[in-house]
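Asker: Sequence and predicted model, in that order:
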Amino acid sequence: MTQSVTFWFDVSCPFAWQTSRWMKEVEKVRDIEITWQPMSLSVLNDGRDLDPEYMKMMEANWGPARVFAAVATEHPEKVDELYTTMGELVHPGGQGGKKGYGAYNEVIAEALAKVGLSSDYQKVADTEEWDDALRKFHNAGIESVGDEVGTPVIKLGDHAFFGPVITRVPTGEEAGEIFDAAVRLAQFPYFFELKRSRTESPQV
């Protein structure tokens, strides 16, 4: 039976990127159907009193998240491809960690062109036109998992979790086995958290 998965992501997040690449590996070895949904670290941190340099990164992150809100609304079938394409530019391509409003505009334009989406979507990065839709997508993820989490959020069946946070991407049957374990944990309604200290950053 096909396993339904909902994956909320922010394209700027390296941890979400690693977890999403694991899910792409799982697609090769398990019968799953993934719905890709945007969420936003900028929305999550909106109004918080945080380090000024970090907040400049949150300013930059609004642009891509707004684009994904528009695409997810009007062309949901393209979200997976756009996430992969833009994520490859941001993470392995070394164009992440940008700061200030509009910092990702060139990345957005390049990714849209590569997947055949209208350049009009790039324009929404610098407006609030899709902010309500973005917050709706984001809040759906947060409401599924609860407060005090970041990205990614994954819903497996009836239950959603933050993570799993991984720094390296498992492949082949190992990817499937880890997925099987996550699904089994999700099936137990009283499982809430599994965590240890992280010793390395994502190895993209």
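Answerer: On my side now, so go ahead. Numbers count the residues shown, from 1 in each chain.

Asker: ok, which stretches of this protein are strands?
Answerer: 3-9, 32-38, 153-156, 159-162 (DSSP state E).

Asker: Which of those sits closest to Gly176?
Answerer: strand 32-38 (9.5 Å; C-beta to C-beta). C-beta coordinates here come from the backbone N, C-alpha and C atoms, glycine included.

Asker: Would you mind giving the strands of the chain as CSV with mean pLDDT, mean neighbour count and distance to Val90 added?
Answerer: Shown next, in CSV, are these (pLDDT from 0 to 100; neighbours: other C-beta atoms under 10 Å; distance: least, C-beta to C-beta, whole Å):
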stretch, mean pLDDT, mean neighbour count, distance to Val90
strand 3-9, 97, 21, 12
strand 32-38, 98, 19, 14
strand 153-156, 96, 23, 19
strand 159-162, 93, 20, 21
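
Asker: Format those as TSV; extra columns: distance to Glu110.
Answerer: As requested, those are exported to TSV (distance: least, C-beta to C-beta, whole Å):
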stretch	distance to Glu110
strand 3-9	19
strand 32-38	19
strand 153-156	27
strand 159-162	30
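
Asker: out of the ones you listed, which comes closest to Pro202?
Answerer: Nearest to Pro202, of the strands of the chain and by C-beta to C-beta, is strand 3-9 at 13.6 Å.

Asker: The closest one to strand 32-38, inter-axis angle?
Answerer: 20 degrees (axes from the mean of the first three to the mean of the last three C-alpha atoms, to 10 degrees).

Asker: re the thing from before, tell me which of the strands of the chain lies nearest to Pro76.
Answerer: strand 32-38 (7.9 Å).

Asker: Before I go, just wanted to say thanks for your time.
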